[in-house]
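Asks: any chance you can model this:
(one chain, ligands or ions: 1)
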Amino acid sequence: MNILANYPPTAELQEMDAAHHLHPFTHANELSDKGPRVITAANGVWLKDSEGEEIIDGMAGLWCVNIGYGRDELAEAAARQMKELPYYNTFFQTTHVPAIMLAQKLAELAPGDLNHVFFASGGSDANDTNIRLVRTYWAEKGQPDRDVIISRWNAYHGSTIGGASLGGMKGMHGQGSLPIPGIEFIDQPNWWAEGGDTTPEAFGLERAQQLEAKIKEVGPDKVAAFIAEPIQGAGGVIVPPETYWPEIQRICKAYDILLIADEVICGFGRTGNWFGSQTVGIEPDVITIAKGLSSGYIPIGGSIVSDKVAGVLRETEFNHGYTYSGHPVACAVALENLRILEEEKIIDTVRDVTAPYLREQWEGLMDHPLVGEAKIVGMMASIALTPDRATRAAFPDPGTVGFICRDRCFANNIIMRSVGDRLIISPPLTISIEEIDILITRARKSLDEAYEQVLADGLMKTG
Ligand SMILES: *Cc1c(COP(=O)(O)O)cnc(C)c1O
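Replies: A predicted model of the protein is given here:
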């Protein structure tokens, strides 16, 4: 009997979970007191839990289930590949069909001359690859001192030692003596929280110019690369002002700094184009991919690098790789996922139909007394919660009101995440107009209930 098909009741599962399962980014004792929700099945944009509740997944899992749940074609692609060739490595002068086909397909889809793929198992390890890759690039070019990578506070680039070091999450740096040496940070282009009295346009320029100042401070001959998400995801879906990216691109070119676009969230249709770099109008030298690459059905990630970078790397032996780099089953599933994205014109539908509709509905939340700003690009969106929109004030104990909202969302069977006092969504790209209506209705209900509680708790006065 399959142990997974005949599982015990919820309370017993929760007890076993508390006894043996350590969760990521979780305070274990707090979770045990409450008991985690047990997700048992999913279809389209809908999750089902062990109590039979139907939950609308406003987060596409963890920003990854771009084509929605329940696509048998991916299961069949995995089964087929497992029977044909379940595993082989690509280390020692060998290769296999799925890795070749996926690399070729990614080269075709990626913009510009991003034509070469190094595979990893996820986004974090792909960014670890990027650290070694850009440093090796400069070393091979005879500039081994060019090893500093500039990143941004509140960026998310993963949770390995390299990924967490590149990320700008202070809570993560605080555990395990991070960041590693050679990583520098500039401020994020979060106008709502940090823009003060400047206009968004002026603020975007000012934040971008911090990169130039940092390059001068470190020394232009010491800087290898700048890494950033086209639109920050885990940091709270921070959409930079229009002036930001063109200036960043100018500075990278002027100082010959490699630009790494971490597209782990933005890639594969999330912003309404295949890649976020196209949406924000940049030409990176390296892009990090994962999540939507397989719609999360199986772990796979990687780095796509330009002809220029690959040309230099090819001159030496790159002493780096993972047992599961280009795993044949993962590649087969990713290929099937890309086929579906392309043939069903899912990204066109996002850009032309569903994202514009979601934008209208999302921006409509601006009439709610808790909401200060509503931001959206394609199918990733955020709202800022505030006690006073006019002054863009923050709540006294940041995160408290975000948590209240998230708990109401949980109770109303909608997955919407809180990041401090921002609420974010990133639904499957296949979400329909009707489902967007359900999502917005539940979001609004959750905000209303949260507002009542915020008033009752005296966290804000009626506006
Ligand atoms: C999720 C994420 C990562 C890390 O990917 P994992 O697959 O969790 O290792 C890296 N960068 C960005 C932008 C992400 O959102």
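Asks: tell me what the worst-scoring helix or strand of the chain on mean pLDDT is packed against?
Replies: Among the helices and strands of the chain, helix 28-34 carries the lowest confidence by mean pLDDT, DSSP states H and E, at a mean of 89. Packing contacts for helix 28-34, counted by 3 or more CB pairs under 8 Å, 6 or more residues apart in numbering; DSSP states H and E, involve helix 10-20. Any C-beta I mention is one placed from the backbone N, CA and C, and that applies to glycine too.
Asks: show me which residues of the helix it packs on are buried.
Replies: By 16 or more other CB atoms under 10 Å, the buried positions in helix 10-20 come out as 10, 13-14, 17-18.
Asks: again with stretch 395-406
Replies: Buried residues in stretch 395-406 (16+ other CB under 10 Å): 395, 400-402, 404-406.
Asks: and the residue in the stretch 201-350 of the chain positioned nearest to the ligand, how far from residue 402?
Replies: When scored by CB to the nearest ligand atom, the stretch 201-350 of the chain has residue 264 as its residue closest to the ligand, at 3.5 Å. Per CB to CB, to the nearest Å, residue 264 is found 23 Å from residue 402.
Asks: ditto for residue 304
Replies: From residue 304 to residue 402 the distance is 34 Å (CB to CB).
Asks: pull the contacting residues for the residue in the stretch 351-463 of the chain positioned nearest to the ligand.
Replies: Closest contact between the stretch 351-463 of the chain and the ligand, by CB to the nearest ligand atom, is at residue 426 (9.7 Å). By CB atoms under 8 Å, 6 or more residues apart in numbering, the contact set of residue 426 is 58-60, 63, 233, 237, 265, 270, 379-381.
Asks: on that earlier part again, what lies in contact with the least confident helix or strand of the chain?
Replies: Contacts of helix 28-34 (CB under 8 Å, 6+ apart): 18, 22-23.
Asks: now the residues you listed in JSON lines, with pLDDT and distance to the ligand?
Replies: Shown next, in JSON lines, are these (pLDDT from 0 to 100; distance: CB to the nearest ligand atom, whole Å):
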{"residue": "18", "pLDDT": "95", "distance to the ligand": "24"}
{"residue": "22", "pLDDT": "95", "distance to the ligand": "16"}
{"residue": "23", "pLDDT": "96", "distance to the ligand": "14"}
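Asks: out of the residues you listed, the closest to residue 3 would be?
Replies: Closest approach to residue 3 among the contacts of helix 28-34 (CB to CB): residue 18, at 18.9 Å.
Asks: what's near enough to touch that closest one?
Replies: Going by CB under 8 Å, 6+ apart, residue 18 touches 28, 31-32, 35.
Asks: if you set the cut-off to 6 Å instead, what comes out?
Replies: residue 32 (CB atoms under 6 Å, 6 or more residues apart in numbering).
Asks: what does residue 39 give?
Replies: 47, 49.
Asks: ramachandran coordinates for it?
Replies: Backbone torsions for residue 39, taken as degrees, to the nearest 10, come to phi -90, psi 130.
Asks: alpha carbons of stretch 245-265, in PDB - could you do that?
Replies: Extracted in PDB, the C-alpha atoms of stretch 245-265 (Å, rounded to 0.1, in the frame of the first residue of the first chain):
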ATOM      1  CA  TRP A 245      16.900  50.700 -14.600                       C
ATOM      2  CA  PRO A 246      18.100  52.900 -17.600                       C
ATOM      3  CA  GLU A 247      20.500  54.600 -15.200                       C
ATOM      4  CA  ILE A 248      21.700  51.300 -13.700                       C
ATOM      5  CA  GLN A 249      22.300  50.000 -17.300                       C
ATOM      6  CA  ARG A 250      24.300  53.100 -18.200                       C
ATOM      7  CA  ILE A 251      26.500  52.800 -15.100                       C
ATOM      8  CA  CYS A 252      27.200  49.100 -15.700                       C
ATOM      9  CA  LYS A 253      28.200  49.800 -19.300                       C
ATOM     10  CA  ALA A 254      30.300  52.900 -18.300                       C
ATOM     11  CA  TYR A 255      32.400  50.900 -15.800                       C
ATOM     12  CA  ASP A 256      32.300  47.600 -17.700                       C
ATOM     13  CA  ILE A 257      30.600  45.900 -14.800                       C
ATOM     14  CA  LEU A 258      28.800  42.600 -15.500                       C
ATOM     15  CA  LEU A 259      25.000  42.900 -14.900                       C
ATOM     16  CA  ILE A 260      23.400  39.800 -13.400                       C
ATOM     17  CA  ALA A 261      19.600  39.900 -13.600                       C
ATOM     18  CA  ASP A 262      18.100  37.500 -11.000                       C
ATOM     19  CA  GLU A 263      15.100  36.400 -13.000                       C
ATOM     20  CA  VAL A 264      14.100  33.500 -10.700                       C
ATOM     21  CA  ILE A 265      10.700  35.100 -10.100                       C
END
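Asks: tell me the spacing between residue 97 and residue 331.
Replies: 9 Å.
Asks: cool, and residue 429?
Replies: 21 Å.
Asks: do the same with residue 35
Replies: Distance from residue 35 to residue 331, by CB to CB: 38 Å.
Asks: of these two, which one has the most company?
Replies: residue 331 (27 against 14; other CB atoms under 10 Å).
Asks: burial count for the residue lying closest to that one once chain neighbours are set aside?
Replies: Nearest non-adjacent residue to residue 331, counting by CB to CB, 6 or more residues apart in numbering: residue 98, 3.5 Å away. Counted with other CB under 10 Å, residues neighbouring residue 98 total 23.
Asks: near the ligand, which residues of the stretch 251-400 of the chain show up?
Replies: 262, 264-265, 290-291, 301 (CB under 6 Å from any ligand atom).
Asks: keep only those of these that are in strands.
Replies: The strands, defined by DSSP state E, take in 262, 301 from these.
Asks: among the residues of the stretch 251-400 of the chain next to the ligand, which one has the most neighbours?
Replies: residue 262 (33 neighbours).
Asks: got the contact list for that one?
Replies: By CB under 6 Å, 6+ apart, the contact list for residue 262 reads 157, 229, 288.
Asks: what is it paired to in the beta sheet?
Replies: residue 288 (DSSP bridges).
Asks: how much space separates it from residue 317?
Replies: 26 Å.
Asks: give me phi/psi at residue 458?
Replies: Dihedral angles (degrees, to the nearest 10) for residue 458: phi 70, psi 30.
Asks: ranges for the helices of the stretch 251-400 of the chain?
Replies: 276-280, 307-313, 328-343, 346-349, 355-364, 400-411 (DSSP state H, counting those that start in this stretch).
Asks: how about low-confidence regions in the stretch 351-463 of the chain?
Replies: Residues of the stretch 351-463 of the chain that meet the criterion pLDDT under 70 lie in 463.
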